[in-house]
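> Here's a sequence, model it:
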Amino acid sequence: MRLRSVVLAGALFIVACPSRDKQSVGVDRALPAESLADASVGPDAAPRPSPADANAAPAPPPKPTTRAIGPYEVPFERDRVVYYVASRTVPTKAAPARLLANLHGVCNPPGYACGYWVEAGANAGFLVCPQGNARCGGSANGSPTWTESFTRIDADLEKAIATVEARHPGEIGREGSILTGFSMGATAAYQIALAHPGRWPYLVLVEANVALDKAKLEAAGIRAVALLAGEIGSQIAGERKSAARLAKLGYPARLWVMRGAGHHYSADIDALMAEAIAFVLSAGDDRSPDAGAP
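Take a look at the predicted model:
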């Protein structure tokens, strides 16, 4: 009787336990050590590199973080505002965004002088555009204009820059700054850059036949100048001569023609400003001359 019970129990054990060949591996089953080395953890796990990948180039760095660029308007003095565009790439303390500043012309608001090339500005850095000290016709509804001296315009520009810096602490760098201007604002920009050697190493001057002097430009640490003029305007002849003369002397200067434009922007001003900014930065860095465009 005892032997019969033992045989019966053994038979029941064999029936209850399937063979090892048919056994599935459950989630709680421990894998041998050699199998763990080859196991992936989840569907997104990276495959083990093969010996051929040992010398492969490292993965590229992540793309810079981008953000909304504006434009924005904030008060900077009494009833005046500064119009500005934030850099598209979010700056870091180690790599602040480049400062670009613009001075509008007579009876010409910053929303026009800067507002038509915000993409070029945001791709290059922070674009800061102060409103002039007066209004055309003396009316509160008149377009912004300038009636003060270049010295006072210079001071107002710095106040406007400080206002934007306060809103974006640590994001704006002054090294390699670009000063731009339209019409009378371009004339003021040139004089302001001359007054502060090294502060504004790059100039972009639009619709202004400014008497540019190579010796003065170099003494002020201005590395390159881009000029833009309307194809049918009154400034193009003088600007063309200035660009050609400076280039002949070995100074980086170039003219862009705004096709079909008079004393105003052409429809492609955003693309032209992007080209002009790229030119002054590259030509100013390597000091390579570039003749003016026809």
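> Could you use CA atoms for every contact and neighbour count after this?
Will do.
> Break down this protein into its helices, ranges please.
Chain-ordered helices for the chain, with DSSP state H as the definition, fall at 2-16, 33-36, 110-113, 118-124, 150-167, 184-195, 214-219, 236-248, 269-286.
> Could you tell me the least trusted of those helices?
Taking each of these in turn, the one with the lowest mean pLDDT is helix 33-36, at a mean of 31.
> Contacts for the top strand by length along the chain, please.
For the chain, the strand that runs over the most residues, judged by DSSP state E, is strand 172-182. Around strand 172-182, the neighbours that count as contacts under C-alpha atoms under 8 Å, 6 or more residues apart in numbering are 91, 96-105, 113, 125-126, 165, 186-189, 193, 199-208.
> now it: how far from the chain's centre is it?
If you compare the mean C-alpha spot of strand 172-182 with that of the full chain, they lie 12 Å apart, counting by C-alpha atoms, centre = their mean, to the nearest Å.
> Buried residues of that strand, list them for me.
In terms of neighbour count (16 or more other C-alpha atoms under 10 Å), strand 172-182 has its buried residues at Ile172, Gly173, Gly176, Ser177, Ile178, Leu179, Thr180, Gly181, Phe182.
> how about a markdown table for these, with pLDDT and distance to Ala226 added?
As requested, the buried residues of strand 172-182 are exported to a markdown table (pLDDT from 0 to 100; distance: C-alpha to C-alpha, whole Å):
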| residue | pLDDT | distance to Ala226 |
| --- | --- | --- |
| Ile172 | 97 | 23 |
| Gly173 | 96 | 21 |
| Gly176 | 96 | 15 |
| Ser177 | 98 | 14 |
| Ile178 | 98 | 11 |
| Leu179 | 98 | 11 |
| Thr180 | 98 | 9 |
| Gly181 | 98 | 11 |
| Phe182 | 98 | 12 |
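> Output those residues in a markdown table, with distance to Ser266 appended to each entry.
Compiled in a markdown table, the buried residues of strand 172-182 are given as follows (distance: C-alpha to C-alpha, whole Å):
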| residue | distance to Ser266 |
| --- | --- |
| Ile172 | 29 |
| Gly173 | 30 |
| Gly176 | 27 |
| Ser177 | 25 |
| Ile178 | 21 |
| Leu179 | 20 |
| Thr180 | 17 |
| Gly181 | 16 |
| Phe182 | 13 |
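> how close does the closest residue to Gly111 other than its chain neighbours sit to Pro75?
Nearest in space to Gly111, with sequence neighbours left out and distances taken as C-alpha to C-alpha, 6 or more residues apart in numbering, is Tyr83 at 6.8 Å. To Pro75, Tyr83 is 9 Å away according to C-alpha to C-alpha, to the nearest Å.
> just Gly132 next, same as before
Counting by C-alpha to C-alpha, the separation of Gly132 from Pro75 is 12 Å.
> out of these two, which sits in the busier spot?
Neighbour tally, Gly132 and Pro75, criterion other C-alpha atoms under 10 Å: the higher count belongs to Gly132, 27 against 15.
> for the residue nearest to Gly111, what are its contacts?
Pro71, Tyr72, Glu73, Val74, Pro110, Gly111, Val128, Cys129, Pro130, Gln131.
> Give the bridge partners for it, please.
Using DSSP bridges, the bridge partners assigned to Tyr83 are Glu73, Cys129.
> Can you check the pLDDT for it?
On pLDDT, Tyr83 comes in at 98.
> And for Thr65?
pLDDT for Thr65: 77.
> Pretty sure it sits against Val90.
Yes - with contact defined as C-alpha atoms under 8 Å, Thr65 counts as touching Val90 (5.7 Å).
> So between the two, which is more surrounded?
Val90 (17 against 9).
> Next one: that one from Leu179, what distance?
In this structure, Val90 and Leu179 are separated by 21 Å, where distance is defined by C-alpha to C-alpha.
> Next, the contact list for Thr187, please.
By C-alpha under 8 Å, 6+ apart, Thr187 lies in contact with Gly181, Leu205, Ala208, Val210.
> any low-confidence regions in the stretch 1-150 of the chain?
Scanning the stretch 1-150 of the chain for pLDDT under 70 picks out 1-64.
> Is Asn102 bridged to anything, and to what?
Taking DSSP bridges, one obtains Thr180 as the residues bridged to Asn102.
> Count the neighbours of it for me.
Counted with other C-alpha under 10 Å, the neighbours of Asn102 add up to 26.
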